[in-house]
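Chemist: Predicted model and sequence below, questions to follow.
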Amino acid sequence: MDRQKLGNTGLEIMPLVFGGNVFGWTIDQQTSFDILDAFVDAGFDTIDTADCYSLWAPGNQGGESEAIIGNWLKARPGMRDKVKIFTKVGADLQQPGKKGLTANWIKQAIDESLARLQTDYVDLYFAHWPDPDTDYAETLQAFNELKQAGKIRAIGASNLNADQLQASLDSAKPLNITPYQVLQPEYNLYDRSGFEGTLQDLCVTENIGVVTYYSLASGFLSGKYRSKEDLGKSARGEGIGKYLDIKGHAMLATLDKVAEAHHAQPAEVALAWLMAARGVTAPIASATKAQHVSSFAKAAELRLTTEELALLTQAGI
């Protein structure tokens, strides 16, 4: 595996980021520890989470994922120097005042995240969702103050379209402050229209790092779900039914064909396609079992031919 430069942040990361949305949701703390240990042992070094993970699970209030990561770091002295932590602010935590991208909330939210993570800084802090009620300038100035204070090392945004990202860049210039340096868009073999085109071009032109979420389309591209009967296999199943259309089945058939040629799994091929995509620094992927991590390592080593990449790309059109 080769390290990847994360835009102009000065950070370098391994080519796959672990998605911490599963911590405190589909897996408990001990299983989370086991998976994180396996992830680091496999040579990876970056974990993505958010202050709202996993608010949606019954009985949760948000912050569970960060807390589990923090407990893992505390239980493994010296680990913080070996890994990079990404987290986010801006989602609605369903508590008074705890949502959006105002300066006051960002400055409060980072301290709450750092306390849960049991660390003095995060490597990359994302604006999770656009906030139409707050100017980009206010948000970016708050992020820059956190950067100067040493609480964050780089600044990112998730879920911005091309116009929004350009507007944020334009807001930063006259203030002479650091703009968004990394984008986290939804992007995978199936869901491509939100990133490809103008937004992808902008990221490449401005040297903005890109880490993709839903990289396996909520698990659909693993090949685990091939019929409506399969949707009950996991807690994420209900969100996958939309992929079981003509396009989805054609895509699975192509993934199967390429995977067979490499003695690989469909998920490994789907992740390798993303790693080879123009402008993409690294996909984010989750796991619920430690053995899944070995598949991540295989994906990072998998080199698809030009013909295979074209075949996969065509299957998604």
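Modeler: Happy to help now that I have it. Numbers count the residues shown, from 1 in each chain.
Chemist: distance of Leu221 from Gly232?
Modeler: Per CB to CB, to the nearest Å, Leu221 is found 19 Å from Gly232. Backbone N, C-alpha and C define where each C-beta goes, glycine included.
Chemist: what's the answer for Asp120, then?
Modeler: 43 Å.
Chemist: Report how many residues lie close to Ser32.
Modeler: Around Ser32 there are 24 other residues, counting by other CB atoms under 10 Å.
Chemist: need the contact list for it.
Modeler: For Ser32, the contact set (CB atoms under 8 Å, 6 or more residues apart in numbering) comprises 22-24, 68-69, 72.
Chemist: so can I have CSV of the residues you listed showing pLDDT?
Modeler: Shown next, in CSV, are these (pLDDT from 0 to 100):
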residue, pLDDT
Val22, 96
Phe23, 97
Gly24, 96
Ile68, 98
Ile69, 98
Trp72, 98
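Chemist: Please identify which of those residues is nearest to Gln94.
Modeler: Gly24 (16.0 Å; CB to CB).
Chemist: What sits closest to that closest one if chain neighbours are left out?
Modeler: Glu64 (3.0 Å; CB to CB, 6 or more residues apart in numbering).
Chemist: Could you check how far that neighbour is from Asp28?
Modeler: Here the criterion is CB to CB. By it, Glu64 lies 10 Å from Asp28.
Chemist: Give me the more crowded residue out of those two.
Modeler: Glu64 (23 against 11).
Chemist: what number of residues lie near Ala310?
Modeler: Around Ala310 there are 11 residues (other CB under 10 Å).
Chemist: pLDDT of the helix or strand hosting it, averaged?
Modeler: Here Ala310, judged by DSSP states H and E, is contained in helix 306-315. Helix 306-315 shows a mean pLDDT of 95.
Chemist: Do a quick rundown of the helices in the stretch 101-250 of the chain.
Modeler: Using DSSP state H, counting those that start in this stretch, the helices of the stretch 101-250 of the chain run over residues 103-117, 136-148, 162-172, 198-205, 246-262.
Chemist: can you list the residues that contact the longest one?
Modeler: In other words, helix 246-262. For helix 246-262, the external contacting residues (CB under 8 Å, 6+ apart) are 189-190, 220-221, 223, 226, 264-266, 268-270, 302, 304, 308, 311-312, 315-316.
Chemist: Narrow those residues to those that are buried.
Modeler: When these are checked for burial by 16 or more other CB atoms under 10 Å, the buried set is 189-190, 220-221, 223, 264-266, 268-270, 302, 304, 308, 311-312, 315-316.
Chemist: Need phi/psi at the spatially closest residue to Ile13 that is not a sequence neighbour.
Modeler: In space, and not counting its chain neighbours, Ile13 is closest to Thr46: 4.5 Å by CB to CB, 6+ apart. With angles defined as degrees, to the nearest 10, Thr46 sits at phi -140, psi 130.
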